[in-house]
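In: I'd like to go over a predicted model; first the sequence, then the structure.
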Amino acid sequence: MKGMTIIVKTISSWVKVLIVLFGIYIIHSGHLSPCGGFAGGVFLASSYLLLMLAFGRDVVERELPPSVALKIACWAAFTFAAIAISGLFFGKNEFFWNYIYQKWLAGAGIEVHFIAAGTISLAEFAIGLLVGALLFLVILNLSTFRRDTSASR
Amino acid sequence: MYIFYFLLIFMIIAAIIAIETKNLLSSVICISALGFGASLMFLFLRAPDIAITQIVVDILALIILIRSTISRDLTFISGDKEFFGTVVSVVIIFIIFLAGVKVFETLPDFGTAIFARVPNAASQTYIKEGLEKTGAANIVSSVILDYRAYDTLGEATVLFTAIIGATVILRKKAKKLLEEPDL
């Protein structure tokens, strides 16, 4: 499994960057338009899926090792929980309180702004990283499992 | 309105082909076409969030299915079906169909939202005050990450726990440790 032809390899190494950029755009505009952390995380994982289909599994494991992906997933989950718990200490003593919501933007009539939603944007970033890293691990585990079973037969 | 009937017929034909075809690859592609029809339907019903997720998951699931199952050996079911089992399954399907007809009679008309019948529903509060209270122009985002954020935390925890568990079981290091003689 050494990958596909040179044409597929070249094109996919260019397109990978565009897919990652589109995933980041979808994550960060989750509070403005129909996007969100879950869909953007799937885009981030699918860029590495394209790399794995074109170059084979070893190149992807060198580029983003599974231990690094595990660390990213753990830190993203910790960040999401920390955002939830920090609502207890700042603001109104409520879980998930949106304490950095920019009221002056809504008062001035500029609701559609990048930082207008407060903790919603931060939580979207955490969920996007979490879903992207976890789906990457799913794809990697599936391909590992397949290779081992085919070798034993 | 008629586009939904066209999409529905397209999806039914795709599902029938996906069941009846002999080739595994064309079956997977038919499932993907079915999901594409479903995402178009979500798009025409003005639910672009679900349409994006549906189409992305379909593409990803298609590639994963092709990668992980296309080289496995296939099992074919042969022999005649039992008469009793066939009759029982047909009767159960017919009963479920009758129950579905009863349920569809109680649904509101097409295009009218279900919360419009309840005057003090919570969803009306979200629609009226969602932008002012949370600052998110997308109502779906303000609901899943502000009003109903507990639900999203639970979903993320379930996903995290399931995949971390699978990764820990399927990792390579444990195999190397087992091969060492002092363990």
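Out: Structure's in. What do you need?
In: neighbours of residue A:56, just the number please.
Out: For residue A:56, the neighbour count with other Cβ atoms under 10 Å in any protein chain shown is 16. For the C-beta atoms, the positions are set from N, CA and C on the backbone; glycine is no exception.
In: count of neighbours near the nearest residue to residue A:47 once chain neighbours are set aside?
Out: Of all residues not flanking residue A:47 in the chain, residue A:19 sits nearest, at 4.0 Å (Cβ to Cβ, 6 or more residues apart in numbering or on different chains). When neighbours are defined as other Cβ under 10 Å, residue A:19 has 19 of them.
In: Now do the contacts for residue A:19.
Out: A:43, A:46, A:47, A:50 (Cβ atoms under 8 Å, 6 or more residues apart in numbering or on different chains).
In: ranges for the helices of chain A?
Out: Along chain A, counting by DSSP state H, helices occupy A:6-28, A:37-55, A:57-63, A:66-89, A:103-107, A:119-152.
In: lowest-confidence stretch among those helices?
Out: Here these differ in mean pLDDT, and the lowest is helix A:103-107 at a mean of 63.
In: Would you agree residue B:147 is in contact with residue B:126?
Out: Yes - using Cβ atoms under 8 Å, residue B:147 is in contact with residue B:126, at 6.1 Å.
In: For the residue sitting nearest the centre point of chain B, give its distance to chain A.
Out: Nearest to the geometric centre of chain B sits residue B:54, at 7.4 Å (Cα atoms, centre = their mean). Distance of residue B:54 to chain A, given as Cβ to the nearest Cβ, to the nearest Å: 10 Å.
In: which ones are touching that residue?
Out: Here residue B:54 is in contact with B:35, B:38, B:39, B:42 (Cβ under 8 Å, 6+ apart).
In: one more time with 6 Å
Out: B:38, B:39 (Cβ atoms under 6 Å, 6 or more residues apart in numbering or on different chains).
In: again with residue B:156
Out: By Cβ under 6 Å, 6+ apart, the neighbours of residue B:156 are A:80, A:130.
In: Distance from the chain centre to the helix or strand hosting residue B:130, please.
Out: Residue B:130 belongs to helix B:122-134 when assigned by DSSP states H and E. How far helix B:122-134 lies from its chain's middle: 28 Å, per Cα atoms, centre = their mean, to the nearest Å.
In: Over to stretch A:28-46?
Out: With Cα atoms, centre = their mean, you get 8 Å for stretch A:28-46.
In: cool, and stretch B:38-56?
Out: 11 Å.
In: thinking again about what came up before, so which of the helices of chain A is the most packed in?
Out: With neighbours defined as mean count of other Cβ atoms under 10 Å in any protein chain shown, the helices of chain A peak in mean count at helix A:37-55, which reaches a mean of 23.
In: orientation of that one relative to helix A:66-89 in degrees?
Out: Between helix A:37-55 and helix A:66-89, the angle comes out at 170 degrees (axes from the mean of the first three to the mean of the last three Cα atoms, to 10 degrees).
In: buried ones in the helix holding residue B:130?
Out: B:123, B:126, B:130, B:131, B:133, B:134 (16 or more other Cβ atoms under 10 Å in any protein chain shown).
In: nearest to residue B:115, of those residues?
Out: The nearest member of these to residue B:115, counting by Cβ to Cβ, is residue B:123 at 4.5 Å.
In: can you pull the pLDDT of that closest one?
Out: In this model, residue B:123 carries a pLDDT of 79.
In: which ones are touching it?
Out: residue B:115.
In: quick one: it and chain A, what's the gap?
Out: 17 Å.
In: That residue and residue B:114: what is the separation?
Out: 9 Å (Cβ to Cβ, to the nearest Å).
In: What is the least confident helix or strand in chain B?
Out: helix B:173-179 (a mean of 57; mean pLDDT, DSSP states H and E).
In: related to what we said a few turns ago, next SSE downstream of the helix holding residue B:130?
Out: Criterion used, DSSP H and E; the element after helix B:122-134 is helix B:139-142.
In: What's the mean pLDDT across the helix or strand just after that next one?
Out: Counting by DSSP H and E, the element after helix B:139-142 in chain order, helix or strand, is helix B:149-169. Mean per-residue pLDDT for helix B:149-169: 88.
In: If I take helix B:149-169 and helix A:37-55, what angle do their directions form?
Out: 30 degrees.
In: Tell me the buried residues in helix B:149-169?
Out: Counting neighbours by 16+ other Cβ under 10 Å, helix B:149-169 gives B:149, B:152, B:153, B:156, B:159, B:160, B:163, B:164, B:166, B:167 as buried.
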